[in-house]
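Novice: predicted model, plus sequence, below.
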Amino acid sequence: MTVEVSRIYLLDVATGASIDAELRDGIEQEQLDDWRTKWQPALAVVLQELAGRGVPISQWPQSWHWNWDQKSARVQGLLSYRGLCVVAQGETQGLAQIDLTKSCQESRQAGRPLVYLDYLEVAPWNRREIQRPTRFRGVGTALLSAAVQLSLDEGFKGRLGLHSLPQADDFYRGMGMTDLGPDSNYQGLRYFEMTADHARAFLDEED
Amino acid sequence: MAAKRTMTLNLTDAEMQALDELSVRKDITKTAVLRQALRLYQTIDARVERGEKLLFENEETKEKAELMLL
C-alpha cells in the first residue's frame, strides 16, 4: 500500500516557531519502531517516577498500556481500518487508528456511517500531563482534522465518533463535539460525536 | 486520497433499487454504499476465517441468531 504524505505545520513550543511536519495516511514499520524505541522508554521513565511517588494508576496517563504493535497487527490488510500518523524531525509524533464500520448514535444522524476514531495517541514528549513544556503542539488536532477529512473523502460528510479517555474529555468538548455521555458498553467511557455541521465548522476553524 | 480505478457494474432493477434506498437512508453516495459493503464483507469474512461467528441479538428478548456466510 502506498502511503500518502501531506505537509502540515506544528508549533515548536520551545522556540514558538512553526515547523514542517508530515501527515501520513498509514502506520508503517518505522512508526512502530519509533513507538517501541522512543515512546516506550520515555513513557517508562514517567511511569517509574509516578510509581515512586505512589501516584495511583488511575492518575497515570490513561493510554500507558496501549500496544501499537498489536493494534496494527490486528487490522493488517483490512479495508475497514486505517492508520494515520504525524512525523516531524524524523520522529513519529502521533498515531491514530480508524474504524470505518461503525454508525452514528446522535439522534439527528443515527444509523449513518461515520469515521470512528478508535485510538489517538501523541508521543509522550508532546503530552502536557507528562512533560511541560511539551516539544510540539498541534499533533492531536492534526490527527483529528485528518480523520474528519477522511470522513469527507469517504462520503460520510465529516461525521465522526469516538470514545474518550477521561483525560481527553475536555479536548473533544473543546472541538465542539456532542457529548453523548458514558457508554456502559464501552468501559463507561464517554462517547463523543461530530455531526456534518460540526465538521464543517471545525475544518473552517482549522484553515 | 489513494488512487482509484473505475469499473462497470451490472445490477438488476431490484439490486439498483436496494442500492438507491440504502444510499438515501444512510446519507452516502451509491459508490460509498458499495465500498462500505466490501469493507464489511471483508472484515466479517476475516473474522469467520479466524473461527468467530456472526450473531445478531434482539435487544429486548436477548434472542440470538447466527448469520451464515457463504
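Specialist: Thanks, I have the structure now.
Novice: which residue sits closest to the closest residue to chain B within chain A, ignoring its sequence neighbours?
Specialist: Here the residue of chain A nearest chain B is A:G155; by C-beta to the nearest C-beta that distance is 3.7 Å. Heads up, the C-betas are built off the backbone N, CA and C, glycines and all. Among residues not flanking A:G155 along the chain, B:A32 sits closest, at 3.7 Å (C-beta to C-beta, 6 or more residues apart in numbering or on different chains).
Novice: contact partners for the one you found?
Specialist: B:A32 makes contact with A:P113, A:E154, A:G155, A:F156, B:S23, B:K26, according to C-beta atoms under 8 Å, 6 or more residues apart in numbering or on different chains.
Novice: and the helix or strand harbouring it, how far out from the chain middle?
Specialist: Secondary structure assigned from DSSP states H and E places B:A32 in helix B:30-49. How far helix B:30-49 lies from its chain's middle: 5 Å, per C-alpha atoms, centre = their mean, to the nearest Å.
Novice: is any residue of the helix of greatest length in chain A near chain B?
Specialist: Determined from DSSP state H, the single longest helix within chain A is helix A:139-153. Yes. Residues of helix A:139-153 are located near chain B by C-beta under 8 Å from any C-beta of the partner chain, namely A:D153.
Novice: in that helix, what's buried?
Specialist: Neighbour-count burial for helix A:139-153 flags A:139-152 (criterion: 16 or more other C-beta atoms under 10 Å in any protein chain shown).
Novice: helix or strand right after the helix holding B:A32?
Specialist: strand B:55-57.
Novice: just checking, what packs against that following strand?
Specialist: Judged by 3 or more C-beta pairs under 8 Å, 6 or more residues apart in numbering or on different chains; DSSP states H and E, strand B:55-57 is in contact with strand B:64-66.
Novice: ok, back up a step: roughly how far does the residue of chain A closest to chain B sit from B:K30?
Specialist: 10 Å (C-beta to C-beta, to the nearest Å).
Novice: and the strands in chain A?
Specialist: Ranges of strands in chain A, per DSSP state E, are A:5-12, A:17-24, A:81-88, A:91-99, A:115-122, A:136-137, A:160-164, A:178-182, A:190-194.
Novice: in a markdown table: those, plus mean neighbour count, mean pLDDT and distance to A:R53.
Specialist: A markdown table is the format used below for these (neighbours: other C-beta atoms under 10 Å in any protein chain shown; pLDDT from 0 to 100; distance: least, C-beta to C-beta, whole Å):
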| stretch | mean neighbour count | mean pLDDT | distance to A:R53 |
| --- | --- | --- | --- |
| strand A:5-12 | 15 | 97 | 30 |
| strand A:17-24 | 15 | 97 | 33 |
| strand A:81-88 | 23 | 98 | 31 |
| strand A:91-99 | 24 | 98 | 27 |
| strand A:115-122 | 23 | 97 | 23 |
| strand A:136-137 | 20 | 96 | 26 |
| strand A:160-164 | 24 | 97 | 26 |
| strand A:178-182 | 14 | 96 | 29 |
| strand A:190-194 | 23 | 97 | 28 |
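Novice: spell out which parts of chain A neighbour chain B.
Specialist: Contacts of chain A with chain B, taken as C-beta under 8 Å from any C-beta, map to A:1-2, A:4, A:25, A:78-80, A:100-101, A:109, A:111-113, A:153-157.
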